[in-house]
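> Turn this into a model:
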Amino acid sequence: MTEVPEHLLKRAQAAKEKAAAKAAESAAPAESAAPAEAAAPAEAPATDSRIPAHLLARSQAAKTKQAVTAEAEPSAAGGTATAVVTAPVGGAVVVAGGGPPLAAGPGGHTQRLLTVVKSGSIQDVKAKPQDKVHVWPHLLVVEFVAALVCTAFLFIFSWVVNAPLLELANFNQTPNPSKAPWYFLGLQELLTMFHPMVAGVTIPGMGIFLLILAPYMDKNPSKRPEDRKFAIALMTVHLMFWGVLVTIGSFFRGPGFLFTLPWTGGVFFEL
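Sure thing, here's the model as predicted:
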């Protein structure tokens, strides 16, 4: 059995002493006020309609019990005194003394509801759902499968598509048109429109700088596409701009890197 702490015992003892002192103080006024309270008729319901009838009846019964207890105290020294007093309370007879409790609520109940405590343990042992998962195995398994798929695609593509090496370069005979690899055709296309400093440094640098600033300009934490219109629009413009330049340099440039239509002048592009 668990031992009761000392500070709780001291608190209980102090509460008992305080209650005993309060009862002794209220006993003296009760003796002088008992005749007046016993003779006072039950006129409270008529004077104040805001007080419920059962509360008035309970108060009157408590006052009657106090008066009877005060009168029975002198005779209780030599034996047991039992006092029976009847008083009309809502058409009923209230018996004070050795009978049942005088104070009763609606329906005759004498219990009071202090609080409602939900059933269950104090410590919650159930795991709460979280929106985070571990890197292994959730992320690494997906990345590993994606790497296998890309490797299989490259293997099959290199097996089906013939990509032989060309002959040795002849510095005395430059091919016409002379095109860069497809991933640099966007820059080569810009060189036909702007100065090399603008086409090779300024425009690509501005594009990369805007992509770096994109997370700081759009701080929306949502992952839904309809909530990330700025970020999606910025990346779409970047990809479309570079994709159009690569497409024009690959299929719409002929000898002398002049603009030509592929369905009339042919396609001057090799993988």
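
> domain assignment for this protein?
9-105, 135-164, 176-271 (automatic domain parsing).

> Quickly, which of these bottoms out on average pLDDT?
Note on the domains of the chain: lowest mean pLDDT is at domain 9-105, with a mean of 63.

> Pro196: how many residues sit nearby?
10 (other CB atoms under 10 Å). From N, CA and C alone the C-beta is placed, and that goes for glycine too.

> Apologies, that question was intended for Lys16.
Each residue near Lys16 was counted by other CB under 10 Å, and the total is 10.

> Relative to Thr64, how far out is it?
From Lys16 over to Thr64 the distance is 27 Å, taken as CB to CB, to the nearest Å.

> coming back round to it: Asn170: which of the domains of the chain is closest?
When these are ranked by distance to Asn170, counting by CB to CB, first place goes to domain 176-271 at 12.3 Å.

> Counting neighbours, which bits of the helix or strand hosting Lys65 end up buried?
In this structure, Lys65 is located in helix 53-72 according to DSSP states H and E. Under the neighbour-count criterion of 16 or more other CB atoms under 10 Å, helix 53-72 has 56-58, 60-61, 63-71 buried.

> same check, this time on stretch 260-271
By neighbour count, with 16+ other CB under 10 Å as the criterion, the buried positions of stretch 260-271 are Thr260, Phe268, Phe269.

> ok, of these, which one's closest to Val237?
So of those, ranked by how close each gets to Val237 (CB to CB), first place is Phe269, at 25.2 Å.

> Which residue is the nearest non-sequential neighbour of that closest one?
Closest residue to Phe269 in three dimensions, ignoring its sequence neighbours and counting by CB to CB, 6 or more residues apart in numbering: Ser250, at 4.7 Å.

> One more: Leu261?
Counting by CB to CB, 6+ apart, the nearest residue to Leu261 once its immediate chain neighbours are dropped is Phe252, at 7.0 Å.

> before we move on, the earlier item: can you say which of the domains of the chain is nearest to Thr115?
Put simply, out of these the one that sits nearest Thr115 is domain 9-105, at 17.4 Å, with distance taken as CB to CB.

> just the strands in the protein please.
Shown for the chain, the strands assigned by DSSP state E span residues 88-89, 92-93.

> And Ser222, how far from Val133?
Ser222 sits 19 Å away from Val133 when distances are taken as CB to CB.

> Please apply the same query to Glu143.
Using CB to CB, we find Glu143 at a distance of 14 Å from Val133.

> Next: Glu25.
Distance, Glu25 to Val133, using CB to CB: 68 Å.

> same thing with Pro177?
From Pro177 over to Val133 (counting by CB to CB), the distance is 52 Å.

> can you check Lys179 too?
For Lys179 relative to Val133 (CB to CB), the value is 47 Å.

> now do Leu55
Shown here: Leu55 relative to Val133, a distance of 60 Å by CB to CB.

> next one: Leu258
Using CB to CB, Leu258 is found at 55 Å from Val133.

> and if you look at Ala180?
Distance from Ala180 to Val133, by CB to CB: 44 Å.

> Met235 too?
Taking CB to CB as the measure, Met235 and Val133 are separated by 26 Å.

> Pick out whichever of these two has more residues nearby.
Met235 (13 against 9).

> Tell me which residues touch the more buried one, please.
For Met235, the contacting residues are Leu211, Ala214, taking CB atoms under 8 Å, 6 or more residues apart in numbering as the criterion.

> Apply 10 Å and report the result again.
The contact partners of Met235, by CB atoms under 10 Å, 6 or more residues apart in numbering, come to Leu211, Ala214, Arg228.

> what's the closest of the residues you listed to Lys10?
When the contacts of Met235 are compared for distance to Lys10 (CB to CB), Arg228 comes out closest, at 64.0 Å.
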